[in-house]
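Peer 1: what follows is a predicted protein model with its sequence.
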Amino acid sequence: MAAESMKMSTTASSMCNNNFSNGSRRPLPLSPRRLLCLNNALRRTHSLSSSSSSLSKFFGSVLLDSTAPPKPSSTPRKEQRRGNFSVFAMAADAESKRAVPLDDYRNIGIMAHIDAGKTTTTERILYYTGRNYKIGEVHEGTATMDWMEQEQERGITITSAATTTFWDKHRINIIDTPGHVDFTLEVERALRVLDGAICLFDSVAGVEPQSETVWRQADKYGVPRICFVNKMDRMGANFFRTRDMIVTNLGAKPLVLQIPIGAEDNFQGVVDLIKMKAIVWSGEELGAKFEYQDVPADLQELAKDYKAQLIENIVELDDEAMLGYLEGVEPDEETIKKLIRKGTIAGNFVPVLCGSAFKNKGVQPLLDAVVDYLPSPLDVPPMKGTDPDDPEVTIERAASDEEPFSGLAFKIMSDSFVGSLTFVRVYSGKLMAGASVLNSNKGKKERIGRLLEMHANSREDVKVALAGDIIALAGMKDTNTGETLCDPDKPIVLERMEFPDPVIKVAIEPKTKADVDKMSMGLVKLAQEDPSFHFSRDEETNQTVIEGMGELHLDIIVDRLRREFKVDATVGAPQVNYRESISRTSEVRYVHKKQSGGQGQFADILMRFEPMESGSGYEFKSEIKGGSVPKEYIPGVMRGLEECMSNGVLAGFPVVDVRAVLVDGTYHDVDSSVLAFQLAARGAFREGIRKAGPRLLEPIMRVEVVTPEEHLGDVIGDLNSRRGQINSFGDKPGNLKVVDSLVPLAEMFQYVSTLRGMTKGRASYTMQLAKFDVVPQHIQTQLSEKEEAVTA
Ligand SMILES: Nc1nc2c(ncn2[C@@H]2O[C@H](COP(=O)(O)OP(=O)(O)OP(=O)(O)O)[C@@H](O)[C@H]2O)c(=O)[nH]1
């Protein structure tokens with residue numbers, strides 16, 4: 001046994017030498033943290049095997065890993081595509097030769113709370129990557145990414161603009177996403193098609209509510225990210241507080257790669273913990289020079305401490321590195337970067353960097369980090385989809401030019417030159433200009449006109465788009481946001497994007513007859529671009545109703561109707577989009593029977609309605625056994641229920657979080673039909689929902705107000721009068737107080753002007769949907785009475 005242990009130790013130590021042959025052989029002190037690591041390593045070893053000595057098992061497991069057979073490195077080549085779509089095969093010719101290998105692609109988004117500096121950072125990235133020669137400043141209204149007129153006037157980012165740029169031979173496709181909560185969908189869309197993200201924080205405000213929202217969205221899509229603590233030059237900047245908030249507010253594990261040198265007016269640069277060198281910028285102007293210097297004496301201890309934490313976190317990911325570490329060897333720079341990349345992509349931690357985009361400090365190392373740590377399309381799982389003919393069959397598409405073409409349309413934008421642009425993320429294969437592709441959601445073919453590579457304010461015609469590309473297609477006719485385009489010979493429907501339901505609506509009426517047609521056309525186009533925007537005609541009031549995610553969202557829509565479609569319209573007061581649900585299970589038998597000469601109608605069903613968890617939507621289930629309701633009539637039941645779901649029994653709002661179960665039924669050989677079952681389902685729905693304790697739900701918003709202390713009392717009093725529930729108070733630098741509360745959306749209309757008046761314009765607020773909750777009885781009664789008056 002002793003001999004065996006000895007042999008294993010020798011093997012492990014020689015492997016260690018190999019691995020760190022280029023590394024420094026500085027002995028590391030056996031700090032309490034190292035002891036903890038050693039302990040963890042031993043515990044991990046235990047879980048690998050329960051017998052024998054822990055250390056020898058640990059070495060044994062290392063040996064085992066290193067001798068495992070290598071994984072196949074590439075996807076097998078698929079069979080050659082055939083027929084009239086040879087245009088896909090043609091793409092293999094010279095024109096389509098890859099200029100940039102796929103593993104040098106980075107498809108990234110930049111996301112954060114409103115005003116954290118996304119647009120400014122993107123502008124700097126474009127400057128430093130050489131695409132932009134004249135920088136646009138947001139506050140001067142000339143930023144390149146914020147190209148829409150309204151964005152420039154309002155100084156906010158409304159729509160994502162995709163842009164392609166290059167850094168260190170890597171192709172970086174960037175999508176700038178808006179921070180305002182009304183445009184959350186834009187963030188979702190970007191997340192769906194991107195492989196990695198930069199999360200920006202304002203170093204004064206730290207982790208703000210919208211950063212939490214986008215963080216959770218990024219979690220949902222499993223997007224690896226790096227953090228950039230921006231605005232280090234601002235008064236009250238605090239890198240370490242922001243780092244702590246990443247832990248407390250986001251529940252994430254920050255991996256600090258840089259610490260700041262100075263702050264506020266005195267912010268000079270950063271200490272690069274990997275190189276253990278200071279990077280100091282000599283000015284604040286664009287293109288300001290920087291140089292590597294020794295770490296300032298007063299930061300050396302702190303830098304060493306953070307470096308030790310960095311190393312301890314990364315060696316956890318690799319047995320060989322851990323072994324070396326335990327023997328006192330620090331991994332070399334290459335190994336450190338490799339492990340940071342591994343842990344970032346796996347979601348073990350998030351690298352944290354800092355700087356000031358506005359003062360041009362920290363942008364180049366941020367770009368290096370994008371290249372070094374964010375995934376390429378090859379590092380993320382293959383795209384999943386289903387067979388359009390059989391949704392039960394799952395298909396996977398690896399990121400490879402050799403696979404059949406598949407891509408997802410994630411954004412449509414009106415364009416004054418080419419009509420409209422459809423932005424597509426190509427997941428696999430090649431797409432040639434002139435090819436005919438299949439829109440597999442609609443089962444329709446579309447011809448690709450021009451393929452355009454987009455830059456912030458210019459475009460370049462290209463002949464072919466390859467796996468990993470984000471490309472704009474001009475002149476698509478039938479493709480909407482979220483739909484799949486694919487090779488017609490190898491069809492696939494990629495996983496769909498989820499779109500939130502609107503929470504607010506307003507009536508809108510064209511001012512003149514001439515505006516009627518223009519408005520319809522405009523609404524159709526805008527809805528095609530933006531799936532979180534809906535419009536409909538209210539039959540009772542004969543008005544057009546537009547629905548969206550907030551007042552600002554609808555405000556922008558009306559503004560775009562006026563500017564882009566020249567429609568003059570009167571807009572009503574905003575109203576909340578309530579929902580209806582049930583509070584208990586009900587069972588109802590409904591017989592639809594009609595016998596008035598000729599063939600009769602007969603359908604008999606037993607339905608059960610069950611409440612489901614908040615956010616579950618609607619579900620139908622059939623428990624029919626032995627054909628008591630024949631298969632061909634079940635679609636009739638489903639249709640009948642679906643018709644009623646948009647029109648609840650209390651006040652006509654959509655019904656959610658309900659499972660409708662078809663339990664039993666009977667039919668008649670002659671008189672039963674799909675229609676009869678459809679009508680029976682409608683009757684069962686009305687009776688069943690009434691018996692199931694129907695209740696009205698309203699959107700509850702999380703509202704965060706930042707106010708000077710002297711206005712705190714007024715702000716709280718006002719929130720209370722709006723049925724608000726105060727969750728917590730906090731402090732912000734500059735004698736500011738933060739109030740975190742939950743308030744029904746119905747009480748928040750025009751809050752912006754009330755808050756402005758109350759605090760002389762010195763307070764600000766953010767608001768986002770937190771949940772749907774039951775409406776108090778007296779308000780429910782008012783709404784039901786209103787609905788009854790309209791229907792009468
Ligand atoms: N002091 C300072 N100001 C900055 C910095 N970065 C951005 N700003 C300023 O902060 C404001 C907001 O910056 P933007 O780049 O528009 O922020 P954004 O996140 O794109 O904003 P939205 O798209 O509207 O969410 C502008 O006035 C910028 O000039 C920085 O590093 N330091």
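Peer 2: Nice, thanks for sending it over. Because the structure is predicted, anything quoted here is derived from the model rather than measured.

Peer 1: what's the distance between the host helix or strand of G385 and the middle of its chain?
Peer 2: According to DSSP states H and E, G385 maps onto strand 383-387. Mean-position distance between strand 383-387 and its chain equals 20 Å (CA atoms, centre = their mean, to the nearest Å).

Peer 1: buried stuff in it?
Peer 2: M383, G385, T386 (16 or more other CB atoms under 10 Å). Bear in mind the C-beta positions are built from the backbone N, C-alpha and C, glycine included.

Peer 1: following it, which helix or strand shows up next?
Peer 2: Next in line after strand 383-387, if elements are assigned by DSSP H and E, sits strand 390-397.

Peer 1: mind listing what's buried along that next one?
Peer 2: Under 16+ other CB under 10 Å, the buried positions of strand 390-397 are I395, R397.

Peer 1: summarise which helices and strands whichever helix or strand comes after that strand is packed against.
Peer 2: Per DSSP H and E, the first helix or strand lying C-terminal to strand 390-397 is strand 406-415. Judged by 3 or more CB pairs under 8 Å, 6 or more residues apart in numbering; DSSP states H and E, the packing partners of strand 406-415 are helix 184-193, strand 419-428, strand 484-486, helix 513-529.

Peer 1: got those as CSV, with mean pLDDT and distance to the ligand columns?
Peer 2: CSV is the format used below for the helices and strands packed on strand 406-415 (pLDDT from 0 to 100; distance: least, CB to the nearest ligand atom, whole Å):
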stretch, mean pLDDT, distance to the ligand
helix 184-193, 76, 10
strand 419-428, 90, 18
strand 484-486, 96, 29
helix 513-529, 86, 18
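
Peer 1: redo those as CSV? Include mean neighbour count.
Peer 2: Listed next are the helices and strands packed on strand 406-415 as CSV, based on neighbours: other CB atoms under 10 Å:
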stretch, mean neighbour count
helix 184-193, 24
strand 419-428, 24
strand 484-486, 27
helix 513-529, 16
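
Peer 1: with distance to E320 and pLDDT added, can I get the buried residues of strand 383-387 in TSV?
Peer 2: Shown next, in TSV, are these (distance: CB to CB, whole Å; pLDDT from 0 to 100):
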residue	distance to E320	pLDDT
M383	33	90
G385	38	92
T386	41	92
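
Peer 1: looking at this structure, which helix or strand is least sure?
Peer 2: Lowest on mean pLDDT, DSSP states H and E among the helices and strands of the chain sits helix 54-67, with a mean of 27.

Peer 1: just to revisit the earlier point, closest to F653 out of the buried residues of strand 383-387?
Peer 2: Of all the buried residues of strand 383-387, T386 has the smallest distance to F653: 32.2 Å, by CB to CB.

Peer 1: how about that closest one: what's its closest non-neighbour residue?
Peer 2: V493 (5.2 Å; CB to CB, 6 or more residues apart in numbering).

Peer 1: how far away is that neighbour from the ligand?
Peer 2: 33 Å (CB to the nearest ligand atom, to the nearest Å).

Peer 1: what about that residue, neighbour count?
Peer 2: Neighbour count for V493, taken as other CB atoms under 10 Å: 19.

Peer 1: try the one 10 residues further on
Peer 2: V503 sits with 22 neighbouring residues when counted by other CB under 10 Å.

Peer 1: same check, this time on D555
Peer 2: Neighbourhood size, D555 [other CB under 10 Å]: 16.

Peer 1: ok, now F685?
Peer 2: Neighbour tally, F685, other CB under 10 Å: 27.

Peer 1: for my notes, confirm it occurs in a helix.
Peer 2: Yes: the assignment for F685 is a helix, going by DSSP: H, G, I helix; E, B strand; the rest coil.

Peer 1: which one of the buried residues of strand 383-387 is nearest the ligand?
Peer 2: Checking the buried residues of strand 383-387 against the ligand by CB to the nearest ligand atom gives M383 as the nearest, at 28.7 Å.

Peer 1: surely the residue nearest to T386 touches D390?
Peer 2: No: counting by CB atoms under 8 Å, V493 does not reach D390; the two are 10.4 Å apart.

Peer 1: looking at the stretch 251-400 of the chain, which residue is nearest the ligand?
Peer 2: Residue nearest to the ligand within the stretch 251-400 of the chain (CB to the nearest ligand atom): F358, separated by 3.2 Å.
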